[in-house]
Each structure stands twice: as structure tokens, then as C-alpha cells.
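Novice: what would the 3D arrangement of this be:
(chains A and B)
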Amino acid sequence: DGGITQSPKYLFRKEGQNVTLSCEQNLNHDAMYWYRQDPGQGLRLIYYSQIVNDFQKGDIAEGYSVSREKKESFPLTVTSAQKNPTAFYLCASSIHDRGTVYEQYFGPGTRLTVT
Amino acid sequence: AQSVSQHNHHVILSEAASLELGCNYSYGGTVNLFWYVQYPGQHLQLLLKYFSGDPLVKGIKGFEAEFIKSKFSFNLRKPSVQWSDTAEYFCAVRSNAGNMLTFGGGTRLMVKP
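Specialist: Coordinates of the predicted model:
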């Protein structure tokens, strides 16, 4: 089955610890995205990558870091500098073509709780 | 920066009632518009999209949306809702000035059987 997997589904961490969320896709998409979902605020873009070894900050990148060493993988690290890390994190991917718009496909999400 | 507003945060309807969820965006140029749906415990999935052409677009499960450029709106409609439509609905906009999607805050719809 083609799709996007995120693991784990639930993650608990103590304040002050960095944590890495996994996102893998087998759709052969060039572009990948990380969003944060908070109640009443919709989805906000954290980071995105349109090609391997390149990524750009989104609207709320502070306190997060990413890497894109492989086309199919786009892990997100929530660092201790992120002031309010408890949230639902969604990964997405899409075909990337400058001249055409393609829909984004979403993974099941990871719910991170930091105490 | 562009923004997307969904005015109804929570909507409760009885089965067979008609649905209209509002979506307004702030960008003045060419836009692509999307409605995504998140059913309980499931992935966010595309309901419908508007790129160009006929401003009335039809999506899955009997949903449709109308792009009204003069009102910067892309409202979602369904003539008769079912209990299985209970979900959270998100409007999203992509402008040609940037490649990214901007999402609205979402509307939680509960349909009572």
C-alpha cells in the first residue's frame, strides 16, 4: 500500500528533552511538509522540503529542526527550545512541479505530550 | 501574508439537514482552494479542490463548494448531511505567490442521528 507513515502514534517526553518524530512516504513524492495542529488554530506549517538535502522554514519553525537526507524520509526534531511543544503533528507529501499544483497527502499524525 | 478564516468553529446538525460551512481568505491574487476533512481517528483527506474553470466544484460524498472571487469565499455545502459526516473540516488556500498551503482554523461538525 502506498502512503505516509508516522511513528509513534503517541509520544510522551519530559520537558527539556529533544524528541524526533518520524515520517516516511513511499509515494515517490519530492515534497514533504510538517504541520502542527492545535484546537481552533487549524494546521500551521513548521518546515517543508521540496527536494532532498534542501528544506525551508514555515510559519512556526522556531524550536524545531528537520533533515532530508532521503527522498522518502523527513524527520522532525522538537527541541527543548520549543516553548509549547504539546500538540498533534502531521506530516504530508506531494508531487512538486513549479508549474502545477498538486494536493498534499497526509499521514496519521503523532500526538506529542510534554510534561 | 495570506490568511484563511472559518467562521463556524462548531456546528451541530440533525441528519438530513443542509450544511454550509464558510471559508474566506485574504489573498487578492490567483489562488487554489481546498477543503480537507478529518474523520475521527482517520487521516486528513482531500474533500474537493478548485484550481480554475467552473467555480462550482463537486467533491466526494456529495459535497460541493462554490468559489466566489468577489467575496474571497469558498463555502462548502451539502444538501443533506448524514451521521457519518461527523468530522472536522478544514479550508486551505494556496496562492501563486507562494507554494504553500494556508489552513483555516477548522470547523467541527457533529451530526445527530
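Novice: near chain B, which residues of chain A? Just list them.
Specialist: A:33, A:35, A:40-45, A:48, A:50, A:58, A:90, A:92, A:101, A:103-104, A:106-109 (CB under 8 Å from any CB of the partner chain). C-beta: built from backbone N, CA, C; applies to glycine.
Novice: go with 10 Å
Specialist: Contacts of chain A with chain B, taken as CB under 10 Å from any CB of the partner chain, map to A:3-4, A:6, A:31, A:33, A:35, A:37-45, A:48, A:50, A:56, A:58-59, A:90, A:92, A:94, A:96, A:98, A:100-109.
Novice: and B:Ala65, how many neighbours does it have?
Specialist: Counted by other CB atoms under 10 Å in any protein chain shown, the residues lying close to B:Ala65 total 26.
Novice: mind listing what it touches?
Specialist: Applying CB atoms under 10 Å, 6 or more residues apart in numbering or on different chains to B:Ala65 gives the contacts B:20-21, B:23, B:33-35, B:47-50, B:55-59, B:73-78, B:91.
Novice: show me just the buried residues among those residues.
Specialist: By neighbour count, with 16 or more other CB atoms under 10 Å in any protein chain shown, the contacts of B:Ala65 hold B:21, B:23, B:33-35, B:47-50, B:57, B:59, B:73-76, B:78, B:91 as buried.
Novice: for A:Arg68, which non-adjacent residue is closest in space?
Specialist: A:Ser49 (4.3 Å; CB to CB, 6 or more residues apart in numbering or on different chains).
Novice: kindly state the beta-bridge partners for that neighbour.
Specialist: Here A:Ser49 sits in beta bridges with A:Met32, going by DSSP bridges.
Novice: ok, now A:Glu24?
Specialist: Applying DSSP bridges to A:Glu24 gives these bridge partners: A:Thr5, A:Ser73.
Novice: one step back: surely the residue nearest to A:Arg68 and A:Trp34 touch.
Specialist: Yes. Using CB atoms under 10 Å, A:Ser49 makes contact with A:Trp34 at a distance of 9.0 Å.
Novice: common neighbours of these two, please.
Specialist: Shared contacts of A:Ser49 and A:Trp34, counting by CB under 10 Å, 6+ apart, come down to A:55, A:66, A:74.
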